[in-house]
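[1] need a structure here:
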Amino acid sequence: MRVKEVMTQDVVTVTPSTPLKEASTRFLKHRISGMPVVERGRVVGVLSESDIVAKETSGYSNGEVSRAEASHLRRERAAETVRQAMTPRPVTAEPWFPIWAAADLMAVNDVNRLPVVDGRGSLVGIVTRDDLVRAFARSDGAVERDIRENLLPSIDLTPSALDVTVARGVVTVRGEIDSHLASECLRNTIHLVPGVVEVDWQVETPTAAA
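    Here you go, the predicted model:
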């Protein structure tokens with residue numbers, strides 16, 4: 001499953017010169033918590049609700065954040081435009097990224113959303129943690145079809161080559177695969193399919209045992 005299958009294509013954006021007051025109304029109007037900042041079609045930053053909330057803080061850390069973080073908070077508090085408050089050089093994804101890669105980027109960088117860009121850096125969508133949760137919550141039938149129609153052919157097996165069943169996210173796979181390498185590859189990849197909770201692997205590899 002790829003980012004392009006779960007991302008939002010109609011993205012609400014702002015420009016670096018957008019006044020923060022105007023940006024705040026867009027958050028409320030569209031019920032979103034973050035927006036890509038776009039200049040000449042390219043993503044140059046991300047603005048989040050926390051950047052707006054910073055305007056309402058005292059500007060003092062009371063020793064609870066680092067000096068650099070305190071300085072950043074004071075800069076945001078003084079900001080009047082998006083450029084002054086946004087996070088520059090945002091982490092981005094591309095449409096062909098697998099879902100697990102987007103999840104890794106969000107977890108490692110502690111972000112809630114990823115602007116999706118094409119090979120030229122132009123904005124084509126946005127993927128959020130909510131999108132990934134929806135992908136994980138999909139039905140057992142959808143998970144099974146994904147495995148049969150996409151993963152099995154990737155190791156030169158037909159969709160019916162193995163007995164694949166899914167119940168409450170637990171995938172049970174039974175059958176036989178000649179290649180031990182292909183077997184391990186499939187087993188590890190199934191764990192990355194959105195919606196999979198656990199894999200019950202009951203596949204034999206005769207050549208590995210010979």
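
[2] where exactly do the helices run in the chain?
    Ranges of helices in the chain, per DSSP state H, are 20-30, 49-53, 67-78, 82-85, 99-109, 129-136, 140-146, 152-154, 180-190, 206-209.

[3] now do the most centrally placed residue in the chain against Gly125, distance only.
    The centroid of the chain falls nearest to Ala102 when counting by Cα atoms, centre = their mean (3.4 Å). Relative to Gly125, Ala102 is positioned 11 Å away (Cβ to Cβ, to the nearest Å). All C-beta spots, glycine's among them, are computed from the backbone N, C-alpha and C.

[4] next: Leu152.
    Leu152 is 28 Å from Gly125, by Cβ to Cβ.

[5] could you do Gly175 as well?
    Distance check for Gly175 against Gly125: by Cβ to Cβ, it reads 37 Å.

[6] do the same with Lys29
    In terms of Cβ to Cβ, Lys29 sits 20 Å off from Gly125.

[7] of these two, which one has the most company?
    Taking neighbours as other Cβ atoms under 10 Å, Lys29 and Gly125 compare with Gly125 leading, 22 against 9.

[8] in the sheet, who's paired with the more buried one?
    Val116 (DSSP bridges).

[9] so for it, what's the pLDDT?
    The model reports Gly125 with a pLDDT of 96.

[10] switch the helices of the chain over to a markdown table; also include mean pLDDT and distance to Thr13.
    What follows is those, written out as a markdown table (pLDDT from 0 to 100; distance: least, Cβ to Cβ, whole Å):
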| stretch | mean pLDDT | distance to Thr13 |
| --- | --- | --- |
| helix 20-30 | 94 | 9 |
| helix 49-53 | 86 | 15 |
| helix 67-78 | 64 | 19 |
| helix 82-85 | 91 | 10 |
| helix 99-109 | 94 | 19 |
| helix 129-136 | 93 | 17 |
| helix 140-146 | 95 | 31 |
| helix 152-154 | 93 | 36 |
| helix 180-190 | 93 | 35 |
| helix 206-209 | 57 | 52 |
